[in-house]
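here are the coordinates; sequence isn't available:
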DNA sequence: GTACCTGCAAAGTCTTTGCTCATGT
DNA sequence: ACATGAGCAAAGACTTTGCAGGTAC
């Protein structure tokens, strides 16, 4: 739900005054969900909207503090939890003990973690979910969600078309 | 886990003296790796060998304490870490913050967690790993390891045609 | 004006570790 | 004997929470 495409501009059916314009993409989602937009939340929402990676709380706190030092780490924790409950954020666990976050996206995608550098590459695979759904049903379950992470090491003979790092929404796979 | 068919008895090719006979399957693995077998480790090894599920440290501690109260939770932590490093155990994270353990197995298998009860069902899929390996290579990586977990909810219309293709023993005590 | 937020620090969880005594080989 | 393991409790890492004052709507 909430495809950001049409809800960004065309969605201005509301009494969208100038206030909305200062909101980041995630900030707008917060507003839509009726969340009270405090200065801190606005900053955190902006950081999350701008994030191209999968920051953990500490990193979010660092980036948010850079924009506005009047933010405590407790607020970051509370905010990400809130946004996760609202479905705006998704919590990830790539190992290492700390939770990492990224904006919820429409197209499901997965992560490949470089075991040497820790870099995360995203990729998609339309077949995969269907396959897993079938397996779950075979076992007598309805698939609710899943977790898939690949851990790999860079190949020398690069045949991947410059999949630099995170081919976000780029459908990393060429096939 | 561990098809108890052939590895338990026929495996006695070694100089198995009477000492070995008191060891559980995992206990024997410990001995093979040259680990000092203390009473505590023997008990923990037995608990792990007998476990049909994926206990967390607290649960291991509980079961081990039942067999021998002279065990501290610190020892359980130290032992599972040691066994994990030795490749005898594998640590799992099914969400919920605590690590869970199971004996390393040859045939790779995956887990489906019942989101309502927390019950874990294991399943296999030979194709899956190959598929993931191909995806990783496409992205320029050599697949080192992966993590796959399905979260599902029981279907009403009980079908689960049992031996469809890869329905590994469904973990005892299935509610 | 009120319900909800925030900062701060204390408390919680899960896990590791320092130290000293005990034990396996 | 000696290196290694175990107990205990304190410390760590990450996250949540109680409380008093602030703030969005």
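Thanks, I have it. What you see is a predicted model, and the numbers here were worked out from it, not measured in a lab.

residue A:139: neighbour count?
26 (other CB atoms under 10 Å in any protein chain shown). Just so you know, the C-beta spots here come from the backbone N, C-alpha and C atoms, and that holds for glycine as well.

next one: it from residue B:99, what distance?
In this view, residue A:139 and residue B:99 are 24 Å apart by CB to CB, to the nearest Å.

which strand or helix spans the most centrally placed residue in chain A?
Note on chain A: the residue nearest the mean C-alpha position is residue A:102, at 2.0 Å, using CA atoms, centre = their mean. In the assignment (DSSP states H and E), residue A:102 maps to strand A:100-103.

elements contacting that strand?
helix A:39-50, strand A:89-92 (3 or more CB pairs under 8 Å, 6 or more residues apart in numbering or on different chains; DSSP states H and E).

try 7 Å this time
When contacts are defined as 3 or more CB pairs under 7 Å, 6 or more residues apart in numbering or on different chains; DSSP states H and E, strand A:100-103 packs onto strand A:89-92.

pLDDT of the strand it packs on, averaged?
Here strand A:89-92 scores 89 as its mean pLDDT.

list the contacts of it.
Residues from elsewhere that reach strand A:89-92 (CB atoms under 7 Å, 6 or more residues apart in numbering or on different chains): A:48, A:54, A:80, A:83, A:84, A:99, A:100, A:101, A:102, A:103, A:104.

quick revisit: what's downstream of the strand holding residue A:102, the next helix or strand?
Past strand A:100-103, the next helix or strand by DSSP H and E is strand A:110-114.

that following strand: partners in the sheet, and parallel or antiparallel?
Partner strands for strand A:110-114, per DSSP bridges, with pairing direction: strand A:120-123 (antiparallel), strand A:141-154 (parallel).

single out the most deeply packed of the ones you listed.
strand A:120-123 (a mean of 21; mean count of other CB atoms under 10 Å in any protein chain shown).

past that one, which element shows up next along the chain?
Taking DSSP H and E, what comes next after strand A:120-123 is helix A:126-138.

near DNA strand C, which residues of chain A are found?
A:35-36, A:38, A:40-41, A:70-72, A:74-75, A:78-79, A:82 (CB under 7 Å from any atom of the strand).

emit the PyMOL select command for whichever of those are buried.
Command for PyMOL that selects the buried part of those, burial taken from 16 or more other CB atoms under 10 Å in any protein chain shown:
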select buried, chain A and resi 35+40+41+71+75+79+82
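
from the residues of chain A next to DNA strand C, pick the one nearest residue A:113.
residue A:79 (25.3 Å; CB to CB).

who touches that closest one in this structure?
A:41, A:44.

go ahead and confirm residue A:45 touches residue A:27.
Yes. With contact defined as CB atoms under 7 Å, residue A:45 counts as touching residue A:27 (3.9 Å).

quick revisit: and the residues of chain A next to DNA strand C near DNA strand D, which?
A:36, A:38, A:74, A:78.

list the contacts of the second one.
So the one you mean is residue A:38. Taking CB under 7 Å, 6+ apart as the definition, residue A:38 has no contacts.

measure it to residue A:117 for me?
From residue A:38 to residue A:117 the distance is 36 Å (CB to CB).

which pLDDT value belongs to residue A:56?
91.

for residue A:34, the count of nearby residues, please.
7.

distance check, it against residue A:82.
Following CB to CB, the distance that separates residue A:34 from residue A:82 is 12 Å.

domain-wise, how is chain A divided?
Split into domains by the TED database, chain A comes to A:22-106, A:108-154.

any part of the shortest one near DNA strand D?
No. With CB under 7 Å from any atom of the strand as the measure, domain A:108-154 is seen stopping short of DNA strand D, the closest distance being 13.2 Å.

that domain: end-to-end distance?
24 Å (CA to CA, to the nearest Å).
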